[in-house]
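Engineer: predicted model and sequence follow; I will ask about them next.
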Amino acid sequence: MSNTPEEKIKHLDEMTLLLYIERQLDRARGLEVSAHTQECDTCRTLLRAMERESRLLTRAMLEEDEPLPSRLAQFQERARKSMQWIWGVAFGLAATGAYALYTGYIQPWQQQLEQAGFGGSNLLGLLIFQGEIWKGWQSMITLLEVLAMVTLGGLAAMFFRRRIRRGSALALVFAGLCTVLAMPQGASATEIRHEERLTIAQDEVIHGDLYAAGGRIRGGGTVEGGLVGAGGDSEVYGHVLGHVLSSSGNLRVTGQVDGSVRCYAGNLLLKGKIGRNVMVAGGDINIDRDTKIGGSITSFAGHETIDGHVGRDVLAMGGQVTITGDIQGSAKIRSGELIIDSSARVGGPIDFMSDNRPQVSSGAKLASPVHYEKPKHRDDYGSVHYYIWQVIWTAAYILFGLVLFALMPKFSADAVKSAENYGASAGLGVLVGFGLPIAACIACVTVVGLFVGLATLFLWYGSLYFGAVIIGAVVGQWLMGRTSELWPLIGRMAVGVVIVRLFTIIPHVGWVFKYGAAFWGIGAISLVVYRRFQPVIAPNVPSAPYSPPMPPNTTVGGPLPA
Amino acid sequence: MGTPRPGRMNAPGIREPTEAIARARAGDAEAWGELYRDYAPAIFRFCRRALPTREDAEDATMEIFMKLKVKLVQYDAARSFSAWLYKVAANHCWDMLRRRRIRQDKETDDLENVPLEHPDPSQLELLIEQRTSAEVRKALDKLGGRARMALVMRYYSDMSYDEIADALGVRRAFVGVVLLRARHELRQALEGNTALAAGGAS
């Protein structure tokens, strides 16, 4: 052991050195420490290391290693202005809109249909073939319930977004939806048959529902439940105790159906006994002289001939309607032409709306003369009602946009950007706008595809509205400048939607703007979807597949992350 | 202690937002947005360093600014706004940690009696030299709540010992001990040893 001067000095403790570095010592003590460290190597080394430690700590703390999360960037706008009242107004408007829509359009229709003999509890349930496919569903499908569910779901997702990540929130919503969709699976004793040439023998009895699919279907025998069929060419000549639901190129019902017939067909021939109602959409509908329909007919067709016996009312829309048979109830007809032959008998009033006057044979036995009305093709620009409806619709558009932008900020912003890619989005818009519904209708031909097809149609229909909202945002950006933040974008969307709606009410050319915007928007949406699916995406970054990775020291407040 | 604050809030050279504060107090939403834009990134980073997860940091940032809206009337314009804001943020984060009982046993008040082992100066120097700031940030996660808060308050927001004592609810004389202990914990974490700091309770 050597007797170095250092060993004689008592070393400074670490606390003293820290307080010295941090300038927490009084002047006298500070000078002492300073003097000591100049003499003592050990303490000087420790002091230097601790100073470097302080600098390292400060550097580590201050480095801007991650950008401000988008959630906080959005909160900035919320902090700037409380949006509570806007939400209140928007939901108030939406509720008013929904109520007005229901009482103004849906309820009268529903009543009309009910008068026409459809005892269906609600319109949507009726339209989507209430019965076999939707067993267990009906109670859920009323329009207002759906609206309420969507609104509640949206609100819940937005509420939980603060607590859970957007991905999880969306996953939650989708999981909920899937659960709801998966729920009504429990059907009764159901038989499913799928063959290219499917024949149900004359003496065969099916105890329950029958789902039949094939290129050529021949349904003899007895079906104790309902018959759901999809095929190129179908004929039902047996006895169906339940309803018949069918989607076919050609459909002939020559047997007996105790329930209703609801179908979509290119050509339909009815030549049997139908216990209840007929609801049909198709190219040519022929209700043969031998047909006996206990209930009413609701039809949408190119050509329709009613030659048989109809126990109750007829509601028909289409190109040409010919009545040569016997209708016990009333007839409401909205078609290009109406021909009432001399052999026709109609027990109730006949309302006909068309550009052409009806051709009524003098020999026809009608309870009262045909009440003919020429439709108003143009919107009634002079009526206050019209403008109120425009305001309600505009508010509905804005609300729809608000919910979608808030739920899918990144997707919406991308769609707005894509819409500025004019050529691609317009081209794709025409392609998807026309192609998708055609594809969906083709999908509907098969039983399995029916649900997919209907879902696609709904999605397509919704996208038309979303497309218009996207174009609203683009127009808003033209006027007020670009923005990458959510709430300013929503503001621009609202302004743009108002402008687009103003253009759509221009007489004669308004429809060009209306459909142009919808298709252009649908193209932009498709473009984003297409781009999202294009590359292989890393598993943990599903929502931002295209944005290049952030440089490590990106300044806060930079581009919004997903 | 009168150390000048290096203006760490946001962009260098940011001035006291006296005018925006006055307008925000008067209910000007635009001014409020301005304050948020200027200060939210720094407060978020503060919370990010002080709290265990990014989610917590996001929530805390929002809550702090909600609180601020109410508290702005209490702000004394003679003082530094950023210092005041950091104080609010520190109090909020510390409350949050305390509520969740993130503080661990090692942070009991009798810690001041536990002697700290004197480090080997050259070994410490070597350790500091080898570590990057990213590694330091990662190591922060392994620290106890109080140690972490103390380091963040001192080395991120440059708060004084008085302010730190106030926020953590400890005597001013104890702040040095908390900081030194925190540094020891950090060194252990940087060495890859998750055990308690040298000389600390185990």
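Structural biologist: The structure has been received and is ready for your questions.

Engineer: quick check: bridge partners of A:Lys273?
Structural biologist: On the basis of DSSP bridges, A:Lys273 takes part in beta bridges with A:Gln256, A:Lys292.

Engineer: quick check, A:Ser246 in a helix?
Structural biologist: No: assignment of A:Ser246 by DSSP: H, G, I helix; E, B strand; the rest coil gives strand, placing it outside any helix.

Engineer: isn't it right up against A:Ser260?
Structural biologist: No: between A:Ser246 and A:Ser260 there is no contact under C-beta atoms under 8 Å: 11.5 Å. The way it works is simple: take the backbone N, C-alpha and C, and place the C-beta from them, glycine included.

Engineer: neighbour-wise, which of the two wins?
Structural biologist: Using other C-beta atoms under 10 Å in any protein chain shown as the criterion, A:Ser246 and A:Ser260 rank with A:Ser260 on top: 28 against 25.

Engineer: that one: what's it in contact with?
Structural biologist: By C-beta atoms under 8 Å, 6 or more residues apart in numbering or on different chains, the contact set of A:Ser260 is A:Gly131, A:His243, A:Val244, A:Ile274, A:Gly275, A:Arg276, A:Asn277, A:Val278, A:Met279, A:Gly295.

Engineer: list just the nearest of those residues to chain B.
Structural biologist: Here the nearest of the contacts of A:Ser260 to chain B, counting by C-beta to the nearest C-beta, is A:Gly131; it sits at 48.1 Å.

Engineer: can you give the domain ranges for chain B?
Structural biologist: Annotated domains of chain B cover B:18-99, B:105-190 [automatic domain parsing].

Engineer: what distance separates the start and the end of the shortest one?
Structural biologist: Spelled out, it's domain B:18-99. 34 Å (C-alpha to C-alpha, to the nearest Å).

Engineer: may I see the buried residues of the longest helix along chain B?
Structural biologist: Secondary structure of chain B read by DSSP state H shows that its longest helix is helix B:29-50. Neighbour-count burial for helix B:29-50 flags B:31-50 (criterion: 16 or more other C-beta atoms under 10 Å in any protein chain shown).

Engineer: which ones, among these, also lie beside chain A?
Structural biologist: For chain A, the contacts drawn from those by C-beta under 8 Å from any C-beta of the partner chain are B:Trp32, B:Gly33, B:Tyr36, B:Arg37, B:Ala40, B:Pro41, B:Phe44, B:Arg45, B:Arg48, B:Arg49.

Engineer: in chain B, what residue spans correspond to helices?
Structural biologist: B:18-25, B:29-50, B:54-71, B:81-99, B:121-130, B:133-140, B:145-155, B:161-168, B:172-190.

Engineer: mean pLDDT and distance to A:Leu269 added to those, as CSV?
Structural biologist: Listed next are these as CSV, based on pLDDT from 0 to 100; distance: least, C-beta to C-beta, whole Å:
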stretch, mean pLDDT, distance to A:Leu269
helix B:18-25, 84, 76
helix B:29-50, 88, 68
helix B:54-71, 87, 65
helix B:81-99, 90, 74
helix B:121-130, 84, 88
helix B:133-140, 88, 77
helix B:145-155, 92, 80
helix B:161-168, 92, 86
helix B:172-190, 90, 83
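
Engineer: now distance to A:Ala213 too, for those, in TSV please.
Structural biologist: Output for the helices of chain B, formatted as TSV (distance: least, C-beta to C-beta, whole Å):
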stretch	distance to A:Ala213
helix B:18-25	67
helix B:29-50	58
helix B:54-71	50
helix B:81-99	60
helix B:121-130	71
helix B:133-140	60
helix B:145-155	65
helix B:161-168	72
helix B:172-190	66
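
Engineer: most tightly surrounded among these?
Structural biologist: Most buried of those, by mean neighbour count (mean count of other C-beta atoms under 10 Å in any protein chain shown): helix B:145-155, with a mean of 25.

Engineer: that older thread, next step: the contacts of A:Ser260 restricted to helices.
Structural biologist: Those of those lying in helices (DSSP H): none at all.

Engineer: also compute the angle for the longest helix of chain B relative to helix B:81-99, please.
Structural biologist: Counting by axes from the mean of the first three to the mean of the last three C-alpha atoms, to 10 degrees, helix B:29-50 lies at 50 degrees to helix B:81-99.
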